[in-house]
Each structure stands twice: as C-alpha cells, then as structure tokens.
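Undergrad: let me see the structure of the following:
(one chain, ligands or ions: 2)
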Amino acid sequence: MSAETPLLTVRSLEKRYGARIGCTGISFDLWPGEVLAIVGESGSGKTTLLHCLSARLEPSAGSVSYRMRDGETRDLASLSEAERRFLMRTDWGFVHQNPADGLRMRVSAGANVGERLMAVGERHYGRLRETAGDWLGRVEIDAERIDDRPSEFSGGMRQRLQIARNLVTHPRLVFMDEPTGGLDVSVQARVLDLLRGLVADLGLSVVIVTHDLAVARLLSQRMIVMRGGEIVEEGLSDRVLDDPHHPYTQLLVASIPES
Ligand SMILES: Nc1ncnc2c1ncn2[C@@H]1O[C@H](COP(=O)(O)OP(=O)(O)OP(=O)(O)O)[C@@H](O)[C@H]1O
Ligand SMILES: [Mg+2]
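TA: Ligands and ions are numbered 1, 2, ... in the order given. You can find the predicted model right below:
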C-alpha cells in the first residue's frame with residue numbers, strides 16, 4: 001500500500017497574491033521516502049509553493065492532498081483547523097531558513113525539543129529530558145548546553161537545534177526552506193551532512209527548497225525547477241543536473257562554480 005500511493009498529490013495548484021502570480025499550474029506527486037528539491041531563482045515561487053504544500057497558505061486554485069497515517073488521502077482544504085494543527089505538530093516538520101522562526105528563543109534548548117514531544121503526548125519529565133538530550137547529541141550539540149537558550153547559540157547550532165526539534169517526533173514529511181541559506185559555507189557543509197544522515201536513517205520524505213544546486217544534488221532524488229511561478233523542468237536530480245533539457249535549467253547548471 002505505502003509504496004503504491006503518493007504521500008502528497010499536487011494538482012493544478014495556483015497561488016495568486018492579488019493580480020500577482022505566486023505559483024501556477026503545479027502538478028506532481030511525492031512518494032514515501034522521497035527527497036524532492038524545489039530549485040529556481042529568487043522570486044520563482046519556491047516558498048509560495050512550499051507554504052501551499054504545508055497548509056500554511058491556502059491555494060487560489062487546484063489541490064494538495066496528503067495521505068494520512070490511517071491511509072486515507074485528504075485534500076488539505078477539507079481539513080479542519082484542529083486536524084491541520086495536529087498534522088503540523090506530529091506528522092509534519094517545517095525547517096525555516098531562519099532558525100529563530102522555528103525555535104522559541106527564550107526557552108532552553110531542551111525545552112525546545114521536549115515541547116514537540118509533549119505535543120504528541122509525552123508527559124514524563126525524566127523521559128522528556130532524556131530524549132531531548134539524546135537528540136541534542138544526534139545533532140552534535142553538547143549535552144551540557146541542554147539548559148541554555150538558543151539565543152546563546154551560534155547560527156549553525158540554532159539550525160541544528162531546529163532540526164532536532166522537528167525530527168524528535170519522527171514526522172513522516174519534513175518541509176525545509178533553504179535550511180542552510182543563512183549559514184557560513186563551512187557550517188553549511190556540516191549541517192548538510194547531518195541532514196543527509198538523518199534523512200537516510202529515519203527514511204523521511206522531504207520537500208526542500210533551495211537555490212543551491214549542490215544542495216539539491218547532495219540531498220534529493222528528484223528535482224523540480226521553477227521559473228516565474230511555473231515548473232519548467234522536473235526529473236531525477238542526477239539527470240536534471242547532468243543533462244538539463246530546458247534552456248533555463250541549462251543556464252542554472254552552467255552557472256554552478258566549478259569545484
Ligand atoms: N505575501 C506576498 N504578497 C504579495 N506577493 C508575494 C507575497 N509573497 C510572495 N509574493 C510574490 O510571489 C512571487 C514568488 O515569491 P516567493 O517568495 O514564493 O519566491 P521564492 O522563489 O521563494 O524566492 P526567494 O528565493 O527569494 O525566497 C514573487 O513575485 C513575490 O513577489
Ligand atoms: Mg523563498
């Protein structure tokens with residue numbers, strides 16, 4: 001059943017901001033365990049699309065459907081507010097480009113991770129603290145920083161904490177918007193490496209927005225290339241990057257600095 005049915009089904013999705021098009025004519029499926037990268041230049045509609053997929057924005061037309069844990073596929077537009085919140089707390093993660101948007105900066109690192117666990121029903125203080133400590137370790141944050149606030153962390157540590165906070169509940173689907181965008185290049189590499197390991201270990205499905213084709217190559221199996229709100233090319237990441245068909249993708253690929 002699971003391998004046969006997409007986790008997300010997107011059909012003729014459009015989002016307008018007044019007369020301006022955010023994204024339009026978007027159709028694709030996301031399969032369980034798949035990492036899909038959305039790439040394209042600034043203003044091409046990547047964040048708009050990601051927010052529609054994760055029920056943060058209501059589409060102007062078309063649909064996004066999600067296969068729930070019970071196997072039923074539901075149009076996100078048909079979910080009640082309570083159901084939508086439940087998905088966001090449990091089944092889904094959302095990693096923001098700016099960690100401050102995804103963390104509570106004034107509570108401790110441990111509480112940031114523990115809070116998501118409490119949302120799925122864990123109440124036992126000792127277990128909360130142990131699991132939080134465990135996850136800090138998995139994202140390479142020293143256990144003795146558990147009572148520090150993220151405001152005292154470096155950018156890379158904050159991003160790793162945000163990742164821990166998102167993954168601790170074992171979500172089925174994680175949305176990421178430029179998760180390494182605000183970090184120094186050396187810090188980026190470490191966060192990416194960590195993400196790649198966790199995604200593989202947990203068998204996560206991921207939709208990741210990036211303008212960095214190297215990030216897309218490293219993390220994703222499949223890619224969508226957007227321009228002007230539309231998909232101009234889609235395919236297996238290696239194929240798209242090694243043999244881009246659309247002139248715009250060719251331009252993007254040609255502009256990657258040689259490494
Ligand atoms: N809240 C908004 N109100 C009006 N227009 C918006 C809004 N958000 C985005 N847009 C417009 O929608 C289009 C797509 O923007 P979006 O933020 O999705 O692009 P993006 O690909 O994520 O860009 P970036 O790489 O710079 O983050 C742009 O023309 C943008 O100006
Ligand atoms: Mg964006």
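Undergrad: kindly report the residues of the stretch 101-250 of the chain close to ligand 1.
TA: residue 211 (Cβ under 6 Å from any ligand atom). Yep, even glycine has a C-beta here, placed from its N, CA and C like the rest.
Undergrad: what are the boundaries of the strands in the stretch 101-250 of the chain?
TA: Counting by DSSP state E, counting those that start in this stretch, the stretch 101-250 of the chain has strands at residues 173-177, 205-209, 222-227, 230-236.
Undergrad: reformat these as TSV; add mean neighbour count, mean pLDDT and distance to residue 122.
TA: Shown next, in TSV, are these (neighbours: other Cβ atoms under 10 Å; pLDDT from 0 to 100; distance: least, Cβ to Cβ, whole Å):
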stretch	mean neighbour count	mean pLDDT	distance to residue 122
strand 173-177	24	96	20
strand 205-209	25	97	23
strand 222-227	23	97	34
strand 230-236	17	97	39
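Undergrad: now tabulate those in JSON lines and tack on distance to residue 19.
TA: Formatted as JSON lines, these follow (distance: least, Cβ to Cβ, whole Å):
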{"stretch": "strand 173-177", "distance to residue 19": "25"}
{"stretch": "strand 205-209", "distance to residue 19": "24"}
{"stretch": "strand 222-227", "distance to residue 19": "19"}
{"stretch": "strand 230-236", "distance to residue 19": "16"}
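Undergrad: so what touches stretch 64-72?
TA: Identification of contacts with stretch 64-72 by Cβ atoms under 8 Å, 6 or more residues apart in numbering yields 1, 5-11, 13, 52-53, 55, 73-77, 87, 91, 172-173.
Undergrad: show me these that map onto strands.
TA: Under the assignment DSSP state E, the contacts of stretch 64-72 contribute 8-11, 13, 73-75, 173 to strands.
Undergrad: just those now: which is nearest ligand 1?
TA: residue 13 (12.5 Å; Cβ to the nearest ligand atom).
Undergrad: where along the stretch 51-200 of the chain do the helices fall?
TA: 81-89, 99-102, 109-119, 125-138, 155-167, 185-202 (DSSP state H, counting those that start in this stretch).
Undergrad: picking up where we left off before, what subset of the contacts of stretch 64-72 is buried?
TA: Buried members of the contacts of stretch 64-72, counted by 16 or more other Cβ atoms under 10 Å: 6-10, 13, 52-53, 55, 76, 87, 91, 172-173.
Undergrad: looking at the helices of the stretch 51-200 of the chain, which is buried most?
TA: Of all these, helix 155-167 has the most neighbours on average by mean count of other Cβ atoms under 10 Å, namely a mean of 24.
Undergrad: element containing residue 39?
TA: Applying DSSP states H and E as the criterion places residue 39 in strand 35-40.
Undergrad: mean confidence for that strand?
TA: In this model, strand 35-40 has a mean pLDDT of 97.
Undergrad: what is it packed up against?
TA: Applying 3 or more Cβ pairs under 8 Å, 6 or more residues apart in numbering; DSSP states H and E, we find strand 35-40 packed against helix 46-53, strand 205-209, helix 213-219, strand 222-227.
Undergrad: roughly how far apart are residue 251 and ligand 1?
TA: From residue 251 across to ligand 1, the span is 16 Å (Cβ to the nearest ligand atom, to the nearest Å).
Undergrad: now residue 64
TA: Distance, residue 64 to ligand 1, using Cβ to the nearest ligand atom: 15 Å.
Undergrad: list the beta-bridge partners for that residue.
TA: Counting by DSSP bridges, residue 64 is bridged to residue 10.
Undergrad: neighbours of it, just the number please.
TA: For residue 64, the count of nearby residues is 20 (other Cβ atoms under 10 Å).
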